[in-house]
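**Student:** missing the sequence, but the structure's below:
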C-alpha cells in the first residue's frame, strides 16, 4: 500500500455522533450483530456491482466470482471483512460513512428517551448498518475502491467513533471494500475462527454470496500467507429460491432482518413460487413495527427486485399498492428483462398482473394473521392500521377484503379501543337492522359520550366509533360491507328503518307538528348560523344537537382541508332539538324574545362543543352564559 495522500479530517454529522454514542452504550447485550450488519452491507455491494455490470461488463475486470472474506489476527486484536463488490469513491465514502442520509432521522432522534434498553429497540428500528462496527471496535479502518476507477483512487477512511474521521487517497489494486476492526479491550472473543463461523451460520447463512474463512487455521492467527486456502461457511444460495420445506423458521427471520435492515422478528411471512403464464418467486414479510418514515412521502418503499436471481433494484414500489408500503421482501421474476428500469416497470403489463397477485397474497397473509394470531394482529394494527385505511380509496377491487381487515372502537360493552372488526359488528346486528352505523370524532372519549349515540344506547344498537384523522375520508370511499350500507349517525335525517316501530314514527311526526312554532322561533334566532331547525330523533337525554347535511363535509375533513391551506366550502349545520327536555320546554315557554335568543345561542354553542367543534365567537358565548348565571343567582 502506498503512502496516503489528500488526507483530511472531517466531523461526523450530529445525528451520527448521537447514534454512535447510543450504539456503544445501548447494544452491548447483543454485540455479535455487528457482523451481520457488515456482511449484509457487503452483500448489497455485490448486488449493486452485478446490476451495474449488466450495462458495463468491464466493471468486473475479469473477477466475476463475487464473495465475502472474513479473517482475524488474534495477536493484533483485529477482525477483517473484505468484499469484491461495487466499492466506494472518495465522495461516496464521505457521504455514506459520515452522515445518515435517511428520511425520518429527526423523528428517530425525537423518540430517544435516554433509557438504554428502550433506545436499543429504537436503534434497531432505525437500522445501524456500518456504524455497528463500533459496538466491538475502538477504531475502524475502511479501504475501498469503486469498480471502474483506477487503483490510485483507492480511499482510506479511519475513525475512533468519536467526533471525527479521516479520509485519505491510497493505492488499492483490487476493487471493493476491506473493513478492519481494531477490537476493544475485552472483545478479543471475536478474533476467533470458531466464534466467527458460528455467527455467520446464525445470522448470515441465507446470504446468496459465499462467505469464506481461512480453512485450516481456524482458531489461529489469520495473518496468513497468500496461498492460504479459504472455505465457504454459509449455504451461499438465495434463500427464496429454496423449497419452503428446506428453510427453517429462524432462517426466514434472519433473512427478514437482512432485507428490511430491522433488528426485530417479522410478524408473518409468505413464501410462494408461481409457475405458468407468469413465473416468479416472492418472499413477503409483515414487520412488527412501523419505521419512523412510514408517512414521509420521500421515504424508500417497495420490494427488492431480482430477475433470474440477479439483483436489479432496491425499493421497487411498482409491485404493491401504496397502502401496503410497509411490506418488506423480495420478488424474483423470470419474465422481466435484465435491463429493466423503473420507467419500464411502470408500463409493463406483466407488472400489473404480478401486482394484483402479490396484493392478494399480502391481504390473505394479513387475514390469516388476524384469524390465527389475534394478539399479533393487534400489534400489526397498532403499527400499520392507518396505512391500511388508505386501502379502500386506493384499491377499489380489494375494497371489501381491506374492509374486513380494519379494526374499530365501538359502543359494544367490553369492546376495547380499535378491536372490533366489521365481521364482528355484522354478527352482532339486531334483528331488523340492515345498516352499519358509525360516528367520527377527534377522540375516543368525545365520540363515546356524544349525544348522537343516545337513541342507539336506548335501543341497544351498536355504533362504530372512528377517531383517526383519516376516518371520514376513508368512509367516503367505503360505502358498504357484506351488502350492507354504512350510515354516519351524525349526518342527515336519521332513519332507523325497521328498528323504529310504527308507533315511534307516528309519535315523532306528531311532536314535530306540535313544535312547528318553536322551530320557527329558533330558526329566526339562529338564522345566520343554521341550515335548518328540526325535532331530533337522535336524542333522549340532551336538549339539542348539531347534525351534518347529507352532502356536507364533516368536522374531520374540514380540519384536514384547513390544515393543508385549502378552501373549505361554506356549510351550515342542522340544529336538532329534543322537545321533551326541560330546557327546551322552558325555552318554548319563554316570552322575552331577547332572552329567548340568548338561550337559543347558548344551546347552539353547547351543541357545537359536544360535537367537538370550536366556537366561532367564544366571547359572546361567555357573555350570554354570564348573564344567565347572574339572573339565576339574583
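**Tutor:** On my side now, so go ahead. These numbers come from a predicted model, not from an experiment.

**Student:** residue 631: which element?
**Tutor:** helix 618-633 (DSSP states H and E).

**Student:** contacting residues around that helix?
**Tutor:** Helix 618-633 is touched from outside by 598-599, 601-602, 605, 615, with contacts defined as C-beta atoms under 8 Å, 6 or more residues apart in numbering. For the C-beta atoms, the positions are set from N, CA and C on the backbone; glycine is no exception.

**Student:** how long is stretch 146-156 end to end?
**Tutor:** Terminal residues of stretch 146-156 are spaced 12 Å apart (C-alpha to C-alpha, to the nearest Å).

**Student:** cool, stretch 551-570 as well?
**Tutor:** Its first and final residues considered, stretch 551-570 spans 12 Å by C-alpha to C-alpha.

**Student:** work out the gap between that stretch and the centre of the chain.
**Tutor:** 25 Å (C-alpha atoms, centre = their mean, to the nearest Å).

**Student:** output the lowest mean pLDDT helix or strand found in this structure.
**Tutor:** Counting by mean pLDDT, DSSP states H and E, the weakest-scoring helix or strand in the chain turns out to be helix 116-126, with a mean of 50.

**Student:** which residues of the stretch 501-634 of the chain score low on pLDDT?
**Tutor:** For the stretch 501-634 of the chain, the stretches flagged by pLDDT under 70 are 562, 634.

**Student:** let's see that with 90 instead.
**Tutor:** 501-542, 544, 546-576, 578-580, 585-600, 602, 604-618, 620-634 (pLDDT under 90).

**Student:** how is the chain divided into domains?
**Tutor:** Taking automatic domain parsing as the reference, the chain has its domains at 5-235, 241-374, 392-498, 504-550+559-633.

**Student:** of these, which is nearest residue 385?
**Tutor:** Nearest to residue 385, of all the domains of the chain, is domain 392-498, at 6.5 Å by C-beta to C-beta.

**Student:** next, the distance between the ends of that closest one.
**Tutor:** With C-alpha to C-alpha as the measure, the first residue of domain 392-498 is 29 Å from its last.

**Student:** same check on stretch 571-587?
**Tutor:** From its first residue to its last, stretch 571-587 covers 26 Å (C-alpha to C-alpha).

**Student:** what are the buried residues along it?
**Tutor:** Using 16 or more other C-beta atoms under 10 Å as the test for burial, stretch 571-587 gives 573-579, 581, 583-584, 587.

**Student:** swap in stretch 439-457?
**Tutor:** Buried positions in stretch 439-457, judged by neighbour count with 16+ other C-beta under 10 Å: 439-442, 446-448, 450-456.

**Student:** helices - which of the residues you listed land there?
**Tutor:** Counting by DSSP state H, the buried residues of stretch 439-457 place 446-448, 454-456 in helices.

**Student:** quick check: the farthest pair among those?
**Tutor:** The most widely separated members of those are 446 and 455, with 18.2 Å between them, by C-beta to C-beta.

**Student:** between the contacts of helix 618-633, which is closest to residue 236?
**Tutor:** Distances from residue 236 to these, taken by C-beta to C-beta, are shortest for residue 615, at 68.9 Å.

**Student:** for the closest one, give me its contacts.
**Tutor:** Contacts of residue 615 (C-beta under 8 Å, 6+ apart): 605, 608-609, 621.

**Student:** shaky segments in the stretch 251-400 of the chain?
**Tutor:** Looking at the stretch 251-400 of the chain by pLDDT under 90, you get 257-264, 275-278, 289-302, 304-318, 334-352.

**Student:** sorry, back to before: any idea which helix or strand comes after the least confident helix or strand of the chain?
**Tutor:** Later in the chain than helix 116-126, the nearest helix or strand by DSSP H and E is strand 137-145.

**Student:** just checking: what are the partner strands of that next one?
**Tutor:** In the sheet, strand 137-145 lines up against strand 154-159 (antiparallel), strand 176-183 (antiparallel) (DSSP bridges).

**Student:** closest one to residue 414 among those strands?
**Tutor:** Nearest to residue 414 among the strands paired with strand 137-145 is strand 176-183; the distance by C-beta to C-beta comes to 55.3 Å.

**Student:** can you list contacts of the closest one?
**Tutor:** Around strand 176-183, the neighbours that count as contacts under C-beta under 8 Å, 6+ apart are 34, 38, 42, 45, 76-88, 133, 136-145, 147, 190-191.

**Student:** let me see the mean pLDDT of the helix or strand just after it.
**Tutor:** Sequence order places helix 193-203 as the next helix or strand after strand 176-183, per DSSP H and E. For helix 193-203, mean pLDDT rounds to 91.
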